[in-house]
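# model this:
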Amino acid sequence: MRRLLLRGGRLLDPASGLDRQLDVRIQNGSVKAIGVHLPAAGAKVLDVKGLFVVPGLIDVHLHLMNGLGAFGADPDLFGVGSGVTTVVDAGSTGHSLFPVFRRYVAEPAKSRVLAYVNLSTLGSVAGPGYATLADPRLIDEEKIAAVVAANRDRIVGIKVMATGAALGAEGLRPLKRARRLGDNLQLPLLVHIGESWGRGAEPPLIGEVLAHLRHGDIVTHMFTAHPGGLLDSNGKLWPLVREARDSGVLFDVGHGLHNLNFDVARRVLDQDLRPDGVSTDGHRGNRAGPVYDLPTTMAKLMALGFSLSEVVEMATANAARLLRREKELGAIQIGRAADISVLRLEEREWEAVDSQRGTLPAHKALVPVFTIRNGVVYESLPSERP
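Numbers count the residues shown, from 1 in each chain. The predicted model follows:
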């Protein structure tokens with residue numbers, strides 16, 4: 001019988017409305033008790049005084065087909081090795097490779113691995129700069145539906161690249177097909193905006209992209225500086241962006257190698273459009289910078305003016321809502337699985353760097369200490385984060 005007691009930490013759980021010093025008892029992988037000065041009662045005591053105990057962090061946008069091309073990363077590098085208990089692959093595989101992804105990447109991982117299935121049969125095999133949706137034959141609704149039916153426990157939605165490079169001469173016809181498919185399968189769409197890999201391709205108009213989205217769909221790369229983003233040439237939000245937000249469309253940061261720009265972020269935030277989720281868009285090509293990990297990305301948002309509680313909420317309760325997994329993820333509650341992240345908040349000066357190498361003075365850093373998943377403690381891996 002595995003028993004752990006987290007003693008003396010500050011429990012910060014926005015979903016449960018908790019922000020105070022509380023102990024957490026874990027037994028057989030589940031939360032058994034939450035309270036003040038809980039007795040050890042045979043449990044292994046973990047002294048977390050001075051640290052923040054939060055629901056297991058959720059990174060809702062990564063590329064985790066380990067070994068595929070230049071980008072596929074080990075899920076546990078950005079997962080439990082970075083203070084994150086749940087990682088979500090953002091469409092690395094289409095229907096044809098998804099069983100391989102499940103068997104050889106998701107199931108062996110120590111982190112919980114969920115995924116979006118790519119609308120394109122090619123997924124990320126050809127890389128983001130190629131016309132992966134430009135041939136109608138590259139979309140097979142029946143086979144996507146079959147792989148979803150066999151993997152409902154892992155698949156959380158359908159990934160669509162809404163870029164000129166990916167869509168080619170098909171224009172927005174693939175997005176129309178994705179809309180029908182998402183409705184039929186009752187799955188949200190995760191839509192990439194920003195022509196960051198286009199090599200001169202013309203992006204679709206953001207208003208026309210948003211017109212296909214519904215309540216619960218997610219736009220990723222909301223702070224991109226590349227063509228096809230949320231801002232017009234005058235730095236103003238396109239009017240249909242607000243309409244989409246009002247209709248329930250969700251917006252995610254999706255930092256990545258190219259798509260977090262501090263100047264764009266300030267303009268978007270000044271116009272009162274705030275992110276629903278914070279994610280790294282992490283892969284092998286940005287682990288050593290500028291992304292590093294989810295806690296570092298959260299700290300960059302803090303440098304932009306968000307509080308610790310707000311960024312924790314984005315990476316826990318809000319992330320669970322994006323994934324439609326609120327009943328199992330995003331909170332520390334008695335009877336639930338003990339998905340827990342332990343973080344250290346450091347008051348120090350450092351320089352945050354965005355995807356275009358713009359800088360921002362930061363005064364607080366978030367450092368992952370360890371995670372608990374299925375009753376097992378995972379120490380964070382060394383990192384060169386700033």
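# Number of residues surrounding Gly42?
9 (other CB atoms under 10 Å). C-betas here are computed from N, CA, C, even on glycine.
# cool, and the one 5 residues further on?
In terms of burial, Asp47 registers 11 neighbours under the definition other CB under 10 Å.
# Please enumerate the helices of the stretch 151-300 of the chain.
164-167, 173-185, 206-210, 239-246, 262-270, 294-303 (DSSP state H, counting those that start in this stretch).
# The stretch 1-150 of the chain too?
Secondary structure of the stretch 1-150 of the chain (DSSP H, counting those that start in this stretch): helices at 75-78, 98-101, 141-150.
# before we move on, the earlier item: just the helices of the stretch 151-300 of the chain: most buried one?
For the helices of the stretch 151-300 of the chain, the largest average neighbour count (mean count of other CB atoms under 10 Å) is found in helix 294-303, namely a mean of 25.
# helices and strands around that helix, which ones?
strand 57-62, helix 308-313, strand 340-353, strand 359-373 (3 or more CB pairs under 8 Å, 6 or more residues apart in numbering; DSSP states H and E).
# would CSV of the ones you listed with mean neighbour count and mean pLDDT be doable?
Listed next are the helices and strands packed on helix 294-303 as CSV, based on neighbours: other CB atoms under 10 Å; pLDDT from 0 to 100:
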stretch, mean neighbour count, mean pLDDT
strand 57-62, 30, 98
helix 308-313, 20, 98
strand 340-353, 17, 98
strand 359-373, 19, 98
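# Make a markdown table out of these and add distance to Ile193.
Formatted as a markdown table, the helices and strands packed on helix 294-303 follow (distance: least, CB to CB, whole Å):
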| stretch | distance to Ile193 |
| --- | --- |
| strand 57-62 | 13 |
| helix 308-313 | 22 |
| strand 340-353 | 22 |
| strand 359-373 | 22 |
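# out of those, which comes closest to Arg2?
Distance to Arg2, taken as CB to CB, is lowest for strand 359-373 among the helices and strands packed on helix 294-303, at 10.4 Å.
# Can you check which of the helices and strands packed on helix 294-303 gets nearest to Arg287?
Between Arg287 and those, the shortest separation by CB to CB is 10.5 Å, and it involves strand 57-62.
# what mean pLDDT would you report for stretch 242-255?
Confidence over stretch 242-255 (mean pLDDT, whole number) is 98.
# Give me the distance between the worst-scoring helix or strand of the chain on mean pLDDT and the centre of its chain.
Within the chain, no helix or strand scores below helix 164-167, which has a mean of 94 by mean pLDDT, DSSP states H and E. For helix 164-167, the separation from the chain centroid amounts to 23 Å (computed by CA atoms, centre = their mean, to the nearest Å).
# send the alpha carbons of it over as PDB?
Provided in PDB are the C-alpha atoms of helix 164-167 (Å, rounded to 0.1, in the frame of the first residue of the first chain):
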ATOM      1  CA  GLY A 164      -1.800  28.700 -46.900                       C
ATOM      2  CA  ALA A 165       1.200  26.300 -47.000                       C
ATOM      3  CA  ALA A 166      -0.900  23.300 -45.700                       C
ATOM      4  CA  LEU A 167      -4.100  24.100 -47.500                       C
END
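# Now do it: everything it contacts.
120, 128-134, 161, 174-175, 195, 197-199, 201-204, 228 (CB atoms under 8 Å, 6 or more residues apart in numbering).
# Now do stretch 255-262: distance to the chain's middle.
14 Å.
# and if you look at stretch 27-42?
Put simply, stretch 27-42 sits 30 Å off its chain's centre (CA atoms, centre = their mean).
# Touching it from outside, list them.
Outside stretch 27-42, the residues that touch it by CB under 8 Å, 6+ apart are 1-5, 7, 11, 18, 21-26, 43, 332-338, 374-375.
# Can you say which of the contacts of helix 164-167 are buried?
Buried subset of the contacts of helix 164-167 (neighbour count, 16 or more other CB atoms under 10 Å): 120, 128, 130-134, 161, 174-175, 195, 197-198, 201, 203-204, 228.
# Now, the residues you listed that are in strands?
Counting by DSSP state E, the buried ones among the contacts of helix 164-167 place Met161 in strands.
# can you pull the contacts of the nearest residue to Leu294 once chain neighbours are set aside?
Spatial nearest neighbour of Leu294, chain neighbours left out: Asp59 (4.7 Å); criterion: CB to CB, 6 or more residues apart in numbering. Counting by CB under 8 Å, 6+ apart, Asp59 touches 78-79, 84, 86-88, 279-280, 282, 294, 315, 319.
# Equivalent analysis for Ala90, please.
60-63, 115-116, 159, 190, 192, 220, 281.
# Enumerate the beta-bridge partners assigned to Leu4.
Beta bridges link Leu4 to Ile26, Lys44 when assigned by DSSP bridges.
# Tell me the spacing between the residue nearest to Leu366 when sequence neighbours are not counted and Pro368.
Among residues not flanking Leu366 along the chain, Pro295 sits closest, at 4.0 Å (CB to CB, 6+ apart). Taking CB to CB, to the nearest Å as the measure, Pro295 falls 5 Å from Pro368.
# what is in contact with those two at once?
82-83, 343.
# which one of those sits closest to Phe306?
Ranked by distance to Phe306 (CB to CB), the shared contacts of Pro295 and Pro368 are led by Leu343 at 15.0 Å.
# ok, how many other residues are close to Leu18?
Neighbours of Leu18 (other CB under 10 Å): 18.
# Now it. Nearest residue, chain neighbours left out?
Of all residues not flanking Leu18 in the chain, Leu11 sits nearest, at 5.2 Å (CB to CB, 6+ apart).
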